[in-house]
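Asker: Got a predicted model here, sequence first, then my questions.
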Amino acid sequence: MLINCAVYQDGTKLADLSPDRPEELQGYLQQPNTFVWVALRDADAAELEPYRRLFHLHELAVEDASRGQQRPKVEEYGSDLFASMHLVDWVGGDLSLGEVAVFVGANYVLSVRRGSKLHFLGVRERCEREPELLVHGPSFVLYALMDAVVDRYFPIVDRLELELDEIEQSIFVRGAQLDNIKRLYELKRRLMLLHRAVAPMLEMLSKLHGGRIPPICARTGDYFRDVADHLARIEGAIDSLRDTLGTAIQANLSMVAIEDSNVTKRLAAWAGIFAAATAFAGIWGMNFEHMPELKLSWAYPAALGLIVSVCGFLWWRFRRAGWL
Amino acid sequence: MLINCAVYQDGTKLADLSPDRPEELQGYLQQPNTFVWVALRDADAAELEPYRRLFHLHELAVEDASRGQQRPKVEEYGSDLFASMHLVDWVGGDLSLGEVAVFVGANYVLSVRRGSKLHFLGVRERCEREPELLVHGPSFVLYALMDAVVDRYFPIVDRLELELDEIEQSIFVRGAQLDNIKRLYELKRRLMLLHRAVAPMLEMLSKLHGGRIPPICARTGDYFRDVADHLARIEGAIDSLRDTLGTAIQANLSMVAIEDSNVTKRLAAWAGIFAAATAFAGIWGMNFEHMPELKLSWAYPAALGLIVSVCGFLWWRFRRAGWL
Amino acid sequence: MLINCAVYQDGTKLADLSPDRPEELQGYLQQPNTFVWVALRDADAAELEPYRRLFHLHELAVEDASRGQQRPKVEEYGSDLFASMHLVDWVGGDLSLGEVAVFVGANYVLSVRRGSKLHFLGVRERCEREPELLVHGPSFVLYALMDAVVDRYFPIVDRLELELDEIEQSIFVRGAQLDNIKRLYELKRRLMLLHRAVAPMLEMLSKLHGGRIPPICARTGDYFRDVADHLARIEGAIDSLRDTLGTAIQANLSMVAIEDSNVTKRLAAWAGIFAAATAFAGIWGMNFEHMPELKLSWAYPAALGLIVSVCGFLWWRFRRAGWL
Amino acid sequence: MLINCAVYQDGTKLADLSPDRPEELQGYLQQPNTFVWVALRDADAAELEPYRRLFHLHELAVEDASRGQQRPKVEEYGSDLFASMHLVDWVGGDLSLGEVAVFVGANYVLSVRRGSKLHFLGVRERCEREPELLVHGPSFVLYALMDAVVDRYFPIVDRLELELDEIEQSIFVRGAQLDNIKRLYELKRRLMLLHRAVAPMLEMLSKLHGGRIPPICARTGDYFRDVADHLARIEGAIDSLRDTLGTAIQANLSMVAIEDSNVTKRLAAWAGIFAAATAFAGIWGMNFEHMPELKLSWAYPAALGLIVSVCGFLWWRFRRAGWL
Amino acid sequence: MLINCAVYQDGTKLADLSPDRPEELQGYLQQPNTFVWVALRDADAAELEPYRRLFHLHELAVEDASRGQQRPKVEEYGSDLFASMHLVDWVGGDLSLGEVAVFVGANYVLSVRRGSKLHFLGVRERCEREPELLVHGPSFVLYALMDAVVDRYFPIVDRLELELDEIEQSIFVRGAQLDNIKRLYELKRRLMLLHRAVAPMLEMLSKLHGGRIPPICARTGDYFRDVADHLARIEGAIDSLRDTLGTAIQANLSMVAIEDSNVTKRLAAWAGIFAAATAFAGIWGMNFEHMPELKLSWAYPAALGLIVSVCGFLWWRFRRAGWL
């Protein structure tokens, strides 16, 4: 589905175009310092076909874009670029994964968004407000899109860090261990999803600045480096979260073991106290005929007193030993 | 065992050949833009011998292909290539490992499949339907075979991910821990098998695109990069699965410990309640002569009431403390 | 907020300047072997604006410096450098994170500190006392600032090592496990915070010595290598701490399990002893009419003796087995 | 101790030599396309001395070869090579470590075996049977020795994999956990020993093919690559074994915990059932005078019935809950 | 504190010098093929000052050498080298850490030892006995010192391996787990200390052989490679120890769990046996009037027999199940 399609010259928008008149687009493509920027959504191979012919896109790239489920990557086909990125978004309390594929050539940018509600209208508006930057051409648009994608990772990392903070609050709270391990596991799953979006993108960005870079990005290397830097910060946060999360899981297991040990101690203590009482009672409940103490009038209270004393003594000792 | 053998010129099939007439093959091998594509199955050294002489294959490569049990790899012997890949397939509910070895030269492709029911007839058909691609020659056939091998890894990864999803459903379910740990262990074993097929292949593909590539692959580098990319996605999924699986094993252990702790608490609680009842009963079962309360007519119901009250109080306290 | 602003020629301070008179600064900037050193605190984009125009700072760098929350990094913008570092400080018993951003050009140094009470007045004083070093120009100031930042990491590592030492003292002490796991977790959190300050900085320093270095640092490479070396020592200490901490967490879990096991043994032992006593008492408490031993006058003391003997024997056996 | 010593020209054996006549060896060393191949066993510095002088061996290499306990490595001394490898063998049910050091020059090969019963007579025989390969000279002998060393690693890996398979059979078997953990630990120890033989050798082989290789190996690079490949397969298997073994240890711990938890449940269940019976019996064993139910003739069977019913009900409930 | 100071020409000692007459040293420094070798101990900045001026040492290197607490490293200052190494020694049953810093120039070697009783007199003696090697100049002295430092790591690794062997002896011994975990933790701590000495030194040695090496080491590259090789063997042993130690800690935890599980089983078994006895006794201790079996003369022995039979049966079943 077409979102919009416009032509830009020297950083300024010339006109909104209709893709139904390809000869018009064709005309603009031949003008100097001019490029066409097309945005599509959930386009299949058929919908991409006219653009493939117009922009001479490589079949492998078109196949990747129309099928989706790509790994974040950037690939050079001749002098053109094909980039694919993950869009990560909160939908109904969980992370949802979408994609955006971008074709970049000397005189065109074609973006195809798939499976996500996140849109890039703001990117286009901001670009149009800064013609002195947009004059860098299609590779600047690629930068702007990447920057927007990466900017949307930050609140997600923040929320995951917040979740970990919340779990940490209750990690040493008695009885919260079952809940904690569930939440830690869920957090781990989300972290992995984000990591799989970020790590390959970091790798792909290293091809766009420093060292040998595609000629099309020659003037925008500083911008890609800046995105790479933001992404490295996110990846650093993810690494740190994973490491802390691993320790949290271990700490949680330790807490379960400590609590179990405390219960065992308490069980041992009470079992000992009652067993002592029961043993005494059992002895005086024996039916021997010659048990002289049974005849004494003060024996019963004395026996009760003895039992209470012994139990009390045990209780006090266990208490001091920290078992109760 | 010969599967088929044909000769192609400028991307189009000229004829099916019989390897019994080597002079005919020899004749085709000298024609320009022509190559022979031979497919064998479970061939031993003797069966490979005529091809070794015809295509001047390197003895080390032939040895590797006839013995099987190779690590995925690609090797240059002069201007020719030898590639070996793992075929992974579900057989009877478990993963089964086969191999395919491919010899590629300027004018021939020889594939030897071993120990797997997966075949490549579809690859040949697709290639023959697209002469404009097959014109790239033997290295395109190598690409097509690799692409087919890699495409067959995807459903396996998907099924492993599905298995993990299923285990995750029951990871926090009481009493499922024994089953879960068995399934997690089995999943790990399968993941390792797939990982050992994928990781060396990814390494081998890096020799076929970017940087210095064999001259024979000069025109098909983009295709090999695309396969490498698909493979990188699989490897990413495997990494993610391994990481999540490790966490799942830890979570499972935590769950066992939490359940054990709960049982210990419950045991402690009931042991306490019954011990209290038994201690009271024991005391009034003692045989002292002077136990005035035994004479009272309302003492027995009162005693029962006391015992029930004490036990009830304990039950309520343990309940409130979350032990019952 | 401006902290101070001065101009230096051939390593000696010429004058303190007021940024309110930019034409004066402009004049100094054109003199040879002269540079301006400006220090700001918690400056926003508006406050940085005049310097941006004066020193022709890159907009991306200014954006990073005014927003804060940067990853430690060093970036080249043309012949100028932009560096960002983390300031780590103890505030109220916990680690607190600040930042300092430094812009370095041929004839200026601009540092912006953010969110930390740590200041760099000592750096300026020391630089002014050593004109033979300050003559190296702005890149020497960058070195001096980095050196000061890194020097402040050392006491933090020392304190973390001290904390681990303290925990180690009680790691095999009975009953300290709950406290230990809490402290180990907290220590881990702090280590991660420091690690996230140190690791990217080490990476960034590798760009300032050895290999291809920015021309502006040509004469100060040895100094940056020295800072890198100090940082590598800190990173080595952090790695070692993380590794030891991981082992400490495992040892702690082992200790909990060992203690639990000891309690279980003790519980088992006492339960056995009392159960034996109760069983004997129960038998002689049965109401059979023909129990000849009940009639004997010495039976009761003998029974008591037997019970005590059996219990004593069990006690002695359990003691020998190390259960009590 | 000398094993054998022969001279080869153009791939064919000329004569067996006696090292007692060094002038003869000296004579052969000056002939073109000729090399001397000496095999020693457990030689000390004194025994190596004549060869050191004859072949101009580097003192550091001789020291390494005569002392043994070297790490697998390959070193260039001028145009000569010194290689050291581990020999791993099963002796009396355990892995035993030996070494072989090989000196290779343009016209000589000297191998020194140490601390192992594994010999290389088969290597010499095979080389002599294939003069068309032996014509490659000393570096081919080095290849043949390496290939023989690596070929002997395969059955060891196979046996370790078999051991793990056997352990896996009993990993989820009740009561086998103690035995399993012992065997897993032993397996780990063996894996580490093999890993320490294989990993450095893989590293050393990377110096003998691809990239810049010693001139002496110029014509045998393909052969060394083949050995490297076999070794990479072994290392892959070791990695996989280590990873699976780690998971097996975790699974074993989980099994212990699950079994412990099951026993605790059973203990809790039976303790509950008996405690109920004992409590009822205790109540009717009390000595109150007014316990009307004691007088009824059908009370005793009714009481027994009640006790059995309660116990039966508990048993059924626990059974249903999976505790029994 | 000066240990000794001598001048060497063409590998032979010319004279012992007194540092009090710097003009004499100065004279020797100008002669060809001559170098001065000074050894200091625990020298502070003041003591190093005359040498700094004499040898034109770089201030950063002098600062590092006089402060100590350096990370092992080697740094080039112009054509001179500064190396710092850790000395590891057993003092009073624990590992103690010292340092040695070495300044190397074309015509001088200056070593500063700090905080360790390990001395290098043997190194000087051996060097003086081998003038054919000492003629390589100061870089050979650096090699000899490094070799001596590394040689002293070997017995430490051996002792740590011995310690692990001893722990392994008792890892599956009942009741030794508390002791084992303490010793494993201590061993880990020592391993980390050694690792921090070895790993950076390995990295530093890679700068002294192969690739681009400092001109001063041009003729001694083979020697440094030999040291690097020894060090790689030590690092390999440390890695192997760490890995095995990690497994040992896990095995120890498993052992604790298995032992705990065994005790729980035994507890469960005995609790069951006694509970059965007590329940029977309790039933026949009830005070119902109509319990016909109480009147029978053979009832008591029969009851005792029944109780013993039931208990015996339970004992036999638990025994067979491996619980007792």
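Answerer: Sure thing, it's come through. Since the structure is predicted, the reported quantities are computational estimates derived from the model, not experimental observations.

Asker: Model confidence for the closest residue to residue A:94 other than its chain neighbours, exactly?
Answerer: In space, and not counting its chain neighbours, residue A:94 is closest to residue A:190: 7.8 Å by C-beta to C-beta, 6 or more residues apart in numbering or on different chains. C-beta: built from backbone N, CA, C; applies to glycine. You'll see residue A:190 listed with a pLDDT of 94.

Asker: go on, residue A:35?
Answerer: Listed pLDDT for residue A:35 reads 93.

Asker: still on that earlier bit, can you give me the neighbour number for the residue nearest to residue A:94?
Answerer: The criterion is other C-beta atoms under 10 Å in any protein chain shown. On that basis, residue A:190 has 18 neighbouring residues.

Asker: Repeat that for residue A:22.
Answerer: Residue A:22 has 15 nearby residues by other C-beta under 10 Å.

Asker: quick one: it and residue A:50 touch, right?
Answerer: Yes. At 6.2 Å, residue A:22 counts as touching residue A:50 under the criterion of C-beta atoms under 8 Å.

Asker: List of residues touching stretch A:287-298?
Answerer: The contact list for stretch A:287-298 (C-beta atoms under 8 Å, 6 or more residues apart in numbering or on different chains) reads A:284, A:299, A:302-303, B:287-290, C:284-287, C:291, C:293-300, C:303.

Asker: ok, now stretch A:6-22?
Answerer: Contact with stretch A:6-22 is made by A:2, A:4-5, A:24-25, A:28, A:31, A:33-38, A:50-51, A:54, A:124, A:128, A:130-135, as judged by C-beta under 8 Å, 6+ apart.

Asker: From residue A:203, how far out is the closest residue to chain B within the stretch 1-150 of chain A?
Answerer: In the stretch 1-150 of chain A, the residue that lies nearest chain B is residue A:71 (4.0 Å; C-beta to the nearest C-beta). According to C-beta to C-beta, to the nearest Å, residue A:71 stands 10 Å off from residue A:203.

Asker: Settle it for me: which of those two has more neighbours?
Answerer: Each of residue A:71 and residue A:203 has its neighbours counted (other C-beta under 10 Å); residue A:71 has more, 24 against 16.

Asker: so where do the strands sit in the stretch 1-150 of chain A?
Answerer: For the stretch 1-150 of chain A, the strands defined by DSSP state E, counting those that start in this stretch cover A:2-9, A:12-16, A:34-41, A:73-77, A:80-91, A:94-105, A:108-114.

Asker: Quick check: which of those strands is nearest to residue A:275?
Answerer: Comparison of the strands of the stretch 1-150 of chain A against residue A:275 by C-beta to C-beta identifies strand A:94-105 as nearest, at 52.0 Å.

Asker: What is the closest one packed up against?
Answerer: helix A:45-55, helix A:59-67, strand A:80-91, strand A:108-114, helix A:138-151, helix A:177-205 (3 or more C-beta pairs under 8 Å, 6 or more residues apart in numbering or on different chains; DSSP states H and E).

Asker: Mind doing that once more with 6 Å?
Answerer: Other helices and strands packing on strand A:94-105, by 3 or more C-beta pairs under 6 Å, 6 or more residues apart in numbering or on different chains; DSSP states H and E, are strand A:80-91, strand A:108-114, helix A:138-151.

Asker: Could you dump the ones you listed into a markdown table and include mean neighbour count and distance to residue D:149?
Answerer: What follows is the helices and strands packed on strand A:94-105, written out as a markdown table (neighbours: other C-beta atoms under 10 Å in any protein chain shown; distance: least, C-beta to C-beta, whole Å):
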| stretch | mean neighbour count | distance to residue D:149 |
| --- | --- | --- |
| strand A:80-91 | 20 | 46 |
| strand A:108-114 | 24 | 54 |
| helix A:138-151 | 23 | 51 |
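
Asker: Ok, which of these comes nearest residue B:61?
Answerer: Of all those, strand A:80-91 sits nearest to residue B:61, with 35.1 Å by C-beta to C-beta.

Asker: Now do that closest one: everything it contacts.
Answerer: Here strand A:80-91 makes contact (C-beta atoms under 6 Å, 6 or more residues apart in numbering or on different chains) with A:61, A:70, A:72-75, A:95-98, A:100-105, A:116, A:118, A:149, A:156, A:194, A:197, A:214.

Asker: Just the buried ones from the residues you listed?
Answerer: Among the contacts of strand A:80-91, those classed as buried by 16 or more other C-beta atoms under 10 Å in any protein chain shown are A:61, A:70, A:72-75, A:95, A:97-98, A:100-105, A:116, A:149, A:156, A:194, A:197, A:214.

Asker: So whatever residue of the stretch 51-200 of chain A ends up closest to chain E versus residue B:255, what's the distance?
Answerer: Residue nearest to chain E within the stretch 51-200 of chain A: residue A:177 (18.0 Å; C-beta to the nearest C-beta). As for residue A:177, its distance to residue B:255 is 10 Å (criterion: C-beta to C-beta).

Asker: about what we covered before: any idea of the pLDDT on the residue of the stretch 1-150 of chain A closest to chain B?
Answerer: Predicted confidence (pLDDT) for residue A:71: 85.

Asker: Now render the helices and strands packed on strand A:94-105 as JSON lines, adding mean pLDDT and distance to residue E:183.
Answerer: As requested, those are arranged in JSON lines below (pLDDT from 0 to 100; distance: least, C-beta to C-beta, whole Å):
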{"stretch": "strand A:80-91", "mean pLDDT": "92", "distance to residue E:183": "47"}
{"stretch": "strand A:108-114", "mean pLDDT": "94", "distance to residue E:183": "58"}
{"stretch": "helix A:138-151", "mean pLDDT": "94", "distance to residue E:183": "49"}
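
Asker: got CSV for those, with distance to residue D:263 too?
Answerer: Shown next, in CSV, are these (distance: least, C-beta to C-beta, whole Å):
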stretch, distance to residue D:263
strand A:80-91, 45
strand A:108-114, 54
helix A:138-151, 53
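
Asker: how about these, which one is nearest residue D:141?
Answerer: Residue D:141 sits nearest to strand A:80-91 of all the helices and strands packed on strand A:94-105, at 51.4 Å, using C-beta to C-beta.

Asker: partners of the closest one in the sheet?
Answerer: Taking DSSP bridges as the criterion, strand A:80-91 forms sheet pairs with strand A:73-77 (antiparallel), strand A:94-105 (antiparallel).

Asker: Which ones among the contacts of stretch A:287-298 lie within helices?
Answerer: If you go by DSSP state H, the contacts of stretch A:287-298 have A:284, A:299, A:302, A:303, C:284, C:299, C:300, C:303 in helices.

Asker: what about residue A:224, neighbour count?
Answerer: Residue A:224: 24 surrounding residues under other C-beta under 10 Å.

Asker: so how far is the strand or helix carrying it off the chain centroid?
Answerer: In this structure, residue A:224 sits in helix A:221-284 according to DSSP states H and E. A distance of 22 Å separates the C-alpha centroid of helix A:221-284 from that of its chain, computed with C-alpha atoms, centre = their mean, to the nearest Å.

Asker: by how many degrees do it and helix A:138-151 diverge?
Answerer: 20 degrees (axes from the mean of the first three to the mean of the last three C-alpha atoms, to 10 degrees).

Asker: So is helix A:221-284 next to chain E?
Answerer: No. Under the criterion of C-beta under 6 Å from any C-beta of the partner chain, chain E is not reached by helix A:221-284; the shortest gap measures 8.8 Å.

Asker: just for chain A, where's the confidence low?
Answerer: Along chain A, no part satisfies pLDDT under 70.

Asker: how about the residues of it near chain C?
Answerer: Applying C-beta under 6 Å from any C-beta, we find that chain A lies next to chain C at A:172, A:226, A:229, A:232-233, A:236, A:240, A:244, A:247, A:250-251, A:254, A:257-258, A:261, A:264-265, A:268, A:272, A:275, A:278-279, A:282-283, A:285-291, A:322.

Asker: State the phi and psi torsions of residue A:162.
Answerer: For residue A:162, the backbone dihedrals (degrees, to the nearest 10) come out as phi -60, psi -40.

Asker: Neighbours of it, how many?
Answerer: 10.

Asker: Close to chain B: what parts of chain A are there?
Answerer: Residues of chain A lying near chain B (C-beta under 6 Å from any C-beta): A:60, A:71, A:73, A:175, A:177-178, A:181-182, A:185, A:188, A:192, A:196, A:249, A:253, A:256, A:259-260, A:263, A:267, A:270, A:274, A:277-278, A:281-282, A:284-285, A:294-295, A:297, A:299-300.
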